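> Here's a sequence, model it:
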Amino acid sequence: MKKNILITGGAGFIGSHLVRLLVHKYPTYHIVNMDVLTYAGNLENLKEIEAKENYTFVKVDICDFETVKQTFITYKIDAVIHLAAESHVDRSIKDPFSFAQTNVMGTLSLLQAAKETWGSDFTNKLFYHVSTDEVYGSLGEDGLFTEDTAYDPHSPYAASKASSDHFVRAFHDTYQLPVVVSNCSNNYGSYQFPEKLIPLFINNIIHNKPLPVYGKGENVRDWLFVNDHARAIDVIFHKGKIGETYNIGGFNEWKNIDLINVIIKTVDRLLGREAGTSQKLITYITDRAGHDFRYAIDSSKLKEELGWEPSLQFEAGIEKTVAWYLENQEWLHNITSGDYRAYYDKMYGVD
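Numbering: from 1, shown residues only. Next comes the predicted model:
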C-alpha cells in the first residue's frame, strides 16, 4: 500500500536511523523528512538514501504552522511520525523557553495541520508521537515505568515532552484524531550528537579529555540500542492500536559510573591502549539540578501485544557503537567542529 509519511526530526539521531530503515524497507512509501537542521540535525547521516526516489527532504521549522500545513497538502501526507524535539536536559535547564516552543508549540502545529488537512475522514491516517520515559519522573531502587505510570516530570525538558504528550491525547479525545504514543528509554548507537553521554565520553577518551560525571555516578538509566528503537517504531506504526501508548525499553539498566567504566575499557582496548589507561580521565562534578535517580521501562506490553523485543544486550551494542565512532572519526570531527553544517549548503544551496 502506498503511503506518504512525514517524519519530523529525520536528520537527528533517532530520526535518521528510522528514515533509513523505512526508505529501504518500504519502497512504495514516500518518506518526507521535515527537519529545521538545528545543531543536532545532520544531513550527512542520510547520505546513503538522499538520492532514493521514495525520499524527500524539506527544511521546515515545525513551529511554522502555515508552512507545515502546506507541506501536508503538497505531499498529500497520510501519516506522521513525530520525533523532532529539543532533547538535552542540561540545555533545557539553561533555556526552558526553547524547549516549550519546539516541543509543545511545534507538536501542536503538527496536530492542527493534520486535523485541518485530513478533515473528518481519518481512514488510513495516523499521528504517531515519539516521547520519552522522562515524563514519568524518577524511580527508587525498585519498580518499572509502565504505560499507566502517572506523569511526574522534573526537568524543563521532561515537562515540555509531558505537555506535548497531553496535547496528542487531547486531539484524540476531542477530535478523534488517530494517534499512538510511545515512550522510550535512553538511546545509544551511531550518529548521536556528542553532547549525550556515550558519544561525548568516547570522543573525550579519544582525545584524552576529562570525563565529567555528575555526583557519584550512581544514577541509573535503561539503555536502548537505537536500531532496536527504530524497529519498535516500525512495528508500532504498522500494528499499534489507535489511542494506545507503548513503552520501549532495552531491559539494560546501568549505573552511570558502571556504564562509563565499560566505555573506558572498550575504547582503550579498541584503540590498543593498556587497560585502564583512560580511568584517570574520570572527573566528578556537582550533580545536575533535579537529576532523576533511576529510569527503567517495562516493555512487556509491546512484546506481548506486538511481538517486539530488543535484539542486542548492552555489551554487544556498546561494542558495535564504540567501534562505529572509532571508525568514523571524521564524522565526529565534523560534528564537534561544526563543519557538518556545510553539507546542507553543498546539497541544497545556501540557505
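
> From here on, just use CA atoms for contacts and neighbour counts.
Noted.

> low-scoring pLDDT stretches of this protein, where are they?
By pLDDT under 70, the low-scoring segments of the chain are 290, 343-344, 347-351.

> Which stretches in it count as strands?
Here the chain has its strands, by DSSP state E, at 3-8, 29-34, 55-58, 79-82, 126-132, 179-184, 186-188, 211-214, 220-225, 245-248, 253-255, 282-285.

> Throw the ones you listed into CSV and include mean neighbour count and distance to T102, thanks.
As requested, those are exported to CSV (neighbours: other C-alpha atoms under 10 Å; distance: least, C-alpha to C-alpha, whole Å):
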stretch, mean neighbour count, distance to T102
strand 3-8, 23, 12
strand 29-34, 23, 14
strand 55-58, 17, 17
strand 79-82, 24, 12
strand 126-132, 23, 13
strand 179-184, 25, 18
strand 186-188, 22, 20
strand 211-214, 19, 27
strand 220-225, 24, 24
strand 245-248, 26, 22
strand 253-255, 18, 30
strand 282-285, 15, 30
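
> Compare these and give me the one nearest G140.
Closest to G140 of these, according to C-alpha to C-alpha: strand 220-225, at 9.7 Å.

> picking up where we left off before, reformat the strands of the chain as TSV; add distance to A316.
Shown next, in TSV, are the strands of the chain (distance: least, C-alpha to C-alpha, whole Å):
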stretch	distance to A316
strand 3-8	29
strand 29-34	30
strand 55-58	31
strand 79-82	28
strand 126-132	24
strand 179-184	20
strand 186-188	12
strand 211-214	22
strand 220-225	10
strand 245-248	19
strand 253-255	14
strand 282-285	23
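
> Tell me which of those sits nearest to A232.
Judging the strands of the chain by C-alpha to C-alpha, what sits closest to A232 is strand 245-248, at 7.3 Å.

> Give me the residues contacting the closest one.
133, 146-147, 180-185, 229, 232, 236, 297-299, 301-302 (C-alpha atoms under 8 Å, 6 or more residues apart in numbering).

> from those residues, which ones fall inside helices?
229, 232, 236, 301-302 (DSSP state H).

> what ranges do the helices span in the stretch 51-200 of the chain?
65-74, 89-94, 96-99, 106-118, 156-175, 197-206 (DSSP state H, counting those that start in this stretch).

> do the same with the stretch 201-350 of the chain
226-239, 256-270, 300-306, 314-327, 329-337, 342-348.

> OK, contacts around the nearest residue to E218 once chain neighbours are set aside?
Among residues not flanking E218 along the chain, K255 sits closest, at 5.3 Å (C-alpha to C-alpha, 6 or more residues apart in numbering). Under the criterion of C-alpha under 8 Å, 6+ apart, the neighbours of K255 are 217-221.

> about what we covered before: export the helices of the stretch 201-350 of the chain to CSV and append columns for distance to V104 and mean neighbour count.
Putting these into CSV (distance: least, C-alpha to C-alpha, whole Å; neighbours: other C-alpha atoms under 10 Å) gives the following:
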stretch, distance to V104, mean neighbour count
helix 226-239, 21, 20
helix 256-270, 29, 19
helix 300-306, 26, 16
helix 314-327, 32, 17
helix 329-337, 27, 15
helix 342-348, 27, 12
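
> Looking at the ones you listed, which is nearest to L110?
helix 226-239 (17.2 Å).

> Could I get the phi/psi values of the closest residue to G215 other than its chain neighbours?
Spatially, and ignoring its direct neighbours in sequence, G215 is nearest to D287 (4.4 Å; C-alpha to C-alpha, 6+ apart). Note on D287: its backbone torsions stand at phi -60, psi 150 [degrees, to the nearest 10].
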